[in-house]
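K.L.:
need the 3D shape of this:
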Amino acid sequence: MNVGGIMINLAQLKIPNTLKAGDKIAAVSLSWGGAGDEGIYLRYLLARERLKSEFGLELIEMPNTLKGTEYVYAHPEKRAEDFMQAFLDPEIKGIFSCIGGDESIRMLPYIDFAVIEQHPKVFIGYSDTTVAHFMCLKAGLRSYYGPALLSEFAENVALHDYTIDSFQSVVMRSEVIGKIGHSNQWTSERLEWHVPENLTIKRRMMPEAHGVECLQGNGSVQGRLIGGCIEVIDGLRGTDIWPNASHFEGALLFLETSEETVEPIALERMLRALGAMSVFSKVSGILFGKPYDETHYEAYKGVIMKVISEELKLTELPILYNLNFGHTAPMLTLPIGALAELSCEERSFSILESGTK
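P.N.:
The predicted structure follows:
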C-alpha cells in the first residue's frame, strides 16, 4: 500500500499511449458488481462484443470483475487488487469501468499510487468512477471521464455515433481533438437491464431543445480539464485523494449530476461547499453537463447562478451549461488534464491537444 501519492500539477500528468485495434482491455468492477449478476451479464457480453466489432479491442475480465454484487460489495480489497493488477499487467493497454455505483471510495486503503504512476495506461469511466479518476490524478496519470461498459458500450440496439466519435478521437487517435460539437438529440429513457428483451428496443431519443447555454461570461478562456460527478466529488472533500489547490488554479472545471436527480437545494449546498473552499475563485471557467432526463433543468441553472454569481460575486466567471457528458446519452469522453478552451460567444469548448500520445 502507498497512501502518499504524487500530486503533480495537471500539465505534468503522464499521458497514456493511444489505444489501437488488437489491444487488450481490462474490465473492472470498482463499485457496483452487477456485471456478474444473472440478467445483467448479457449486457457485459454485449459490451465485450461491441468493443471487438466496433473498435477491434479485446476485453478481458480481471479475477473479481464478474463475481457479482454481493461479493464485490463485501471485498473492496479485491476490487483494488483487480485495479492494481490491471495496471501491472504489460499485456493490458487500457482499463474500462463496468459501471459506477456508490462506494468505490472503500478501495482507498488498498491503492498503491506508485503502481498507477509507474504503469500509465488509458483508464475510462464516469459517475462513481470519479473516485478512481481522483486516484489517478493523485498518482500523476491522465484518465478519461467517459463511457462505461454496461451502459454506453452496451447501449440498446446500437452505439450512438456521437459517443463513438468522441471516444475514438480522444483515446484511439493522437491528433489534436479540437472543437467539441453538441449532439442534436439525447435520451435518459430507462429500460430495465434485467429484462433481456429490452436489449432489442432502442431507447427513445429526444430532440435537443436548448443547445449549449452560456449562463454568464464573455470572450474565451483556457484551462486544463478537471472534474466529475458532483455528488461523488462532494463526498471526497477532506480525503487523501482530494486535489491540491494548485490543481484548480486556472483550470476548466467540469461538473455533472447523476441519475439520482438530486434536489436543487442539495446541489446548492454542494456548490456552496466548493465555493467555501475557493474552488470557483481559482478556476478559469465551468462546464456543466446536461441534467439526467432534464429533471430540474431550469432549477439547477438558478442554483448555479445564485451561488456563483450572487453569493460569491464571481459575475465574470464563464459558465457553459447543458453539455453532453455525464449521465445522459450520447456521451463525450473528456481527457482529465488536457488543455481546453471555453468560448462564451460560440457557446462551445475545444480541446487544444491530443487525448493520448
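K.L.:
could you use CA atoms for every contact and neighbour count after this?
P.N.:
Will do.
K.L.:
would you enumerate the residues in contact with L314?
P.N.:
Residues in contact with L314, defined by C-alpha atoms under 8 Å, 6 or more residues apart in numbering, are S281, I308.
K.L.:
now I233
P.N.:
For I233, counting by C-alpha under 8 Å, 6+ apart, the contacting residues are T130, V131, G227.
K.L.:
what mean pLDDT does the helix or strand the first one falls within get?
P.N.:
In other words, T130. Per DSSP states H and E, T130 falls inside helix 130-139. For helix 130-139, mean pLDDT rounds to 98.
K.L.:
kindly report the same for stretch 339-357.
P.N.:
Mean predicted confidence for stretch 339-357 is 98.
K.L.:
what residues of that stretch count as buried?
P.N.:
Neighbour-count burial for stretch 339-357 flags 339-344, 347-356 (criterion: 16 or more other C-alpha atoms under 10 Å).
K.L.:
and those, which two are the farthest apart?
P.N.:
Pairwise distances among the buried residues of stretch 339-357 were taken by C-alpha to C-alpha; the largest, 26.9 Å, belongs to C344 and T356.
K.L.:
what about this protein, any weak spots by pLDDT?
P.N.:
1-7 (pLDDT under 70).
K.L.:
and the longest strand for it?
P.N.:
Ranked by residue count, the top strand of the chain under DSSP state E comes out as strand 220-229.
K.L.:
elements contacting that strand?
P.N.:
With contacts taken as 3 or more C-alpha pairs under 8 Å, 6 or more residues apart in numbering; DSSP states H and E, strand 220-229 sits against strand 252-256, strand 285-289, strand 339-343.
K.L.:
which element follows that strand toward the C-terminus?
P.N.:
By DSSP H and E, the next helix or strand past strand 220-229 is helix 230-236.
K.L.:
need the next SSE after that next one, C-terminal direction.
P.N.:
helix 245-248.
K.L.:
select from the contacts of I233 the one having the most neighbours.
P.N.:
The most neighbours of any of these, using other C-alpha atoms under 10 Å, belong to V131, which has 29 neighbours.
K.L.:
show me what the most centrally placed residue in the chain is bridged to.
P.N.:
Of all residues in the chain, the one closest to the mean position by C-alpha atoms, centre = their mean is Y145, 2.6 Å from it. Beta-bridge partners recorded for Y145 (DSSP bridges): G125, L334.
K.L.:
I'd say it and M331 touch.
P.N.:
No. Using C-alpha atoms under 8 Å, Y145 makes no contact with M331, being 9.7 Å away.
K.L.:
roughly how far apart are S278 and Y292?
P.N.:
Look at S278 and Y292: by C-alpha to C-alpha, to the nearest Å, they are 27 Å apart.
K.L.:
likewise Y145?
P.N.:
17 Å.
K.L.:
helices of the stretch 151-300 of the chain, start to end?
P.N.:
Using DSSP state H, counting those that start in this stretch, the helices of the stretch 151-300 of the chain run over 161-171, 230-236, 245-248, 264-276, 279-282, 297-305.
K.L.:
and the helix holding T130, C-alpha only, in CSV?
P.N.:
In CSV, the C-alpha atoms belonging to helix 130-139 read as follows (Å, rounded to 0.1, in the frame of the first residue of the first chain):
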residue,chain,number,x,y,z
THR,A,130,-14.9,9.8,-10.3
VAL,A,131,-13.2,8.3,-7.2
ALA,A,132,-10.8,6.3,-9.3
HIS,A,133,-10.1,9.3,-11.5
PHE,A,134,-9.1,11.3,-8.5
MET,A,135,-6.8,8.3,-7.5
CYS,A,136,-5.2,8.5,-11.0
LEU,A,137,-4.9,12.3,-10.6
LYS,A,138,-3.1,11.8,-7.2
ALA,A,139,-0.8,9.3,-8.9
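K.L.:
which residues touch it?
P.N.:
5-8, 13, 104-105, 113-114, 116-117, 142-145, 228-229, 232-233, 236, 241-243.
K.L.:
between S278 and Y292, tell me which one has more neighbours.
P.N.:
Y292 (22 against 15).
K.L.:
got a list of what Q118 touches?
P.N.:
Taking C-alpha under 8 Å, 6+ apart, one finds nothing in contact with Q118.
K.L.:
sorry, wrong one. I was asking about R269.
P.N.:
No contacts exist for R269 under C-alpha under 8 Å, 6+ apart.
K.L.:
end to end on stretch 179-187, go ahead and measure it.
P.N.:
23 Å.
K.L.:
about what we covered before: out of the buried residues of stretch 339-357, who's nearest N218?
P.N.:
C344 (5.4 Å).
K.L.:
from memory the closest one sits against L317, does it?
P.N.:
No. In this structure, C344 is not within contact of L317 by C-alpha under 8 Å, at 10.3 Å.
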